[in-house]
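Colleague: sequence and predicted structure are below.
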Amino acid sequence: MAEPQMREVVTRKRMMVFSGTYHPGLAQEIAQHLGIRISAAKISRFASGEIYFSSNESVRGADVFVIQTHAYPVNDAIMEQLIMLDALKRASAKRISAVIPYYGYSRQDKKALAREPISAKLVADMLTVAGANRVVSVDLHSGQIQGFFNFPFDHLTALPLLAEYLQKDIRVPQDIVVVAPDAGRVKTAERLRELLHADIAYINKRRSRHEAHRIEEMRVVGPVAGRPCVLIDDMIDTAGTMTEGARALSAEGAEEIYVVATHAVLSGKAVQRLAESPIKETVVTNTLPVPEEKSAVLGDRLTILSIAPIIASALQAVFEDESVSELFHGENQP
């Protein structure tokens, strides 16, 4: 009796991209750079507000990327992504990557006072339970969030994009000073300083321990008098830090003042504060959607750069099992 023949099966890798409903424009841009389309799916809300998701295509054995930035309302955005992850896990996707341009609750990464939560860890736990095998995010507020996961976390940065804009479009002068708005952003400012070959300064900021977003004192440390300055941060939320920092720089005799940040949260009166400040131009990326009514207030004083090429390159590297760090020459760790 002849022995049974061994049959070798070669599987074909398949990439699929799904988009949540909170920033579909960015997801579409990413898909275009990848040369694929957004996979068809149904996302709807029941009358009670509960979320429903269903893929219109088979995901069995596919390498799936679920793009959802945690935009306002952040809790709904997170829940929608969790439901998408759960559905794709139960549909037998081979690997599921949660692509989160802006990671919600990233500022709640540790306990500063008694009886506080570590909400960034809670979000990590929920993503893990929902079915994520990998997370891709951009410019975390705190690098330690990567350690909240027991699987790969690809941390991307917009710093090269921001630096290129400053050099090529604004053509910042040689004597420009990169300014960290507080002690926590000195490392980020140092990286931008290296990219721009500039000097560095920082603002000694003391926040209120009892009232959120309230700044009690700001003092500039470094040579800024008579020189253009660029303030760098990971996000602009209420814009209190940036506008007060700009006023502190102006009081010290700084000339043109630019602001660059990755995430344009722009909560509350942020746009109004920026418009009334001595800031010449605010440069952000589109990790979060900026409503037209907000961008219209600032007009030419607001520039939004697309992060899509950077995210698409990272997703392509993940799909092809290549290095993501090499895209940034190893400079993508916070």
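Modeller: Great, that's in hand. Residues are numbered from 1 along each chain as shown.
Colleague: show me what the helix or strand where Glu244 lies is packed up against.
Modeller: Per DSSP states H and E: Glu244 is located in helix 240-251. Judged by 3 or more CB pairs under 8 Å, 6 or more residues apart in numbering; DSSP states H and E, helix 240-251 is in contact with strand 199-207, strand 215-221, strand 229-236, strand 257-264, helix 270-275. Every residue, glycine included, has its C-beta placed from N, CA and C.
Colleague: in a markdown table: these, plus mean neighbour count and mean pLDDT.
Modeller: Listed next are these as a markdown table, based on neighbours: other CB atoms under 10 Å; pLDDT from 0 to 100:
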| stretch | mean neighbour count | mean pLDDT |
| --- | --- | --- |
| strand 199-207 | 18 | 85 |
| strand 215-221 | 15 | 78 |
| strand 229-236 | 25 | 96 |
| strand 257-264 | 26 | 97 |
| helix 270-275 | 20 | 97 |
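Colleague: export these to CSV and tack on distance to Ser39?
Modeller: Output for these, formatted as CSV (distance: least, CB to CB, whole Å):
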stretch, distance to Ser39
strand 199-207, 44
strand 215-221, 45
strand 229-236, 30
strand 257-264, 26
helix 270-275, 34
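Colleague: returning to that earlier point: tilt between the helix holding Glu244 and strand 215-221?
Modeller: 40 degrees (axes from the mean of the first three to the mean of the last three CA atoms, to 10 degrees).
Colleague: pLDDT averaged over helix 240-251, what's the number?
Modeller: Averaged over helix 240-251, pLDDT sits at 94.
Colleague: buried set for it?
Modeller: Residues of helix 240-251 classed as buried: Gly240, Thr241, Met242, Thr243, Glu244, Gly245, Ala246, Ala248, Leu249, Ser250 (neighbour count, 16 or more other CB atoms under 10 Å).
Colleague: list the strands paired with the helix or strand of the chain with the lowest mean pLDDT, with their directions.
Modeller: The helix or strand of the chain with the poorest confidence is strand 215-221; it has a mean of 78 (mean pLDDT, DSSP states H and E). Using DSSP bridges, strand 215-221 pairs in its sheet with strand 199-207 (antiparallel).
Colleague: got a list of contacts for the partner strand?
Modeller: Strand 199-207 is contacted from outside by 175-183, 185-186, 189-190, 193, 214-224, 227, 229, 241, 245, 248-249, using CB atoms under 8 Å, 6 or more residues apart in numbering.
Colleague: can you do 7 Å?
Modeller: 177-183, 186, 189-190, 193, 214-224, 245, 248 (CB atoms under 7 Å, 6 or more residues apart in numbering).
Colleague: now stretch 114-128
Modeller: Residues contacting stretch 114-128 (CB under 7 Å, 6+ apart): 78, 82, 85, 98, 104-106, 108-111, 135, 145, 148-149.
Colleague: what about it, average pLDDT?
Modeller: pLDDT averaged over stretch 114-128 gives 97.
Colleague: list the buried residues for it?
Modeller: For stretch 114-128, by 16+ other CB under 10 Å, it's Ala120, Lys121, Val123, Ala124, Leu127, Thr128.
Colleague: for the residues you listed, could you give me CSV that also reports distance to Ala312?
Modeller: As requested, the buried residues of stretch 114-128 are arranged in CSV below (distance: CB to CB, whole Å):
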residue, distance to Ala312
Ala120, 26
Lys121, 29
Val123, 24
Ala124, 24
Leu127, 21
Thr128, 25
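Colleague: those in strands, which ones?
Modeller: Residues of the buried residues of stretch 114-128 located in strands (DSSP state E): none.
Colleague: closest to Tyr72 among the residues you listed?
Modeller: Val123 (15.5 Å; CB to CB).
Colleague: got a list of contacts for the biggest helix by length in the chain?
Modeller: If you go by DSSP state H, the chain has its longest helix at helix 74-90. The contact list for helix 74-90 (CB under 7 Å, 6+ apart) reads 18, 20-22, 51, 53-55, 59, 64, 66, 68, 70-71, 96, 98, 104, 123, 126-127, 130-132.
Colleague: following the chain onward from the helix or strand hosting Glu293, which element is next?
Modeller: Assigned by DSSP H and E, Glu293 belongs to helix 292-298. Once helix 292-298 ends, the next helix or strand along the chain (criterion: DSSP H and E) is strand 302-305.
Colleague: that older thread, so which of the contacts of stretch 114-128 sit within strands?
Modeller: Per DSSP E, the subset of the contacts of stretch 114-128 in strands is Ala98, Val135.
Colleague: which of the contacts of stretch 114-128 are buried?
Modeller: 78, 82, 85, 98, 104-106, 108-109, 135, 145, 148-149.
Colleague: weed out the non-buried ones from the contacts of helix 74-90.
Modeller: 18, 20-22, 51, 53, 55, 59, 64, 66, 68, 70-71, 96, 98, 104, 123, 127, 130-132.
Colleague: which ones among the residues you listed are found in strands?
Modeller: Filtering those for strands - DSSP E - leaves Phe18, Ile51, Phe53, Ser55, Val64, Val66, Ile96, Ala98.
Colleague: as TSV, these with distance to Gly35 and pLDDT would be great.
Modeller: Below are these laid out as TSV (distance: CB to CB, whole Å; pLDDT from 0 to 100):
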residue	distance to Gly35	pLDDT
Phe18	17	98
Ile51	30	98
Phe53	25	98
Ser55	20	98
Val64	17	98
Val66	19	98
Ile96	21	98
Ala98	22	98
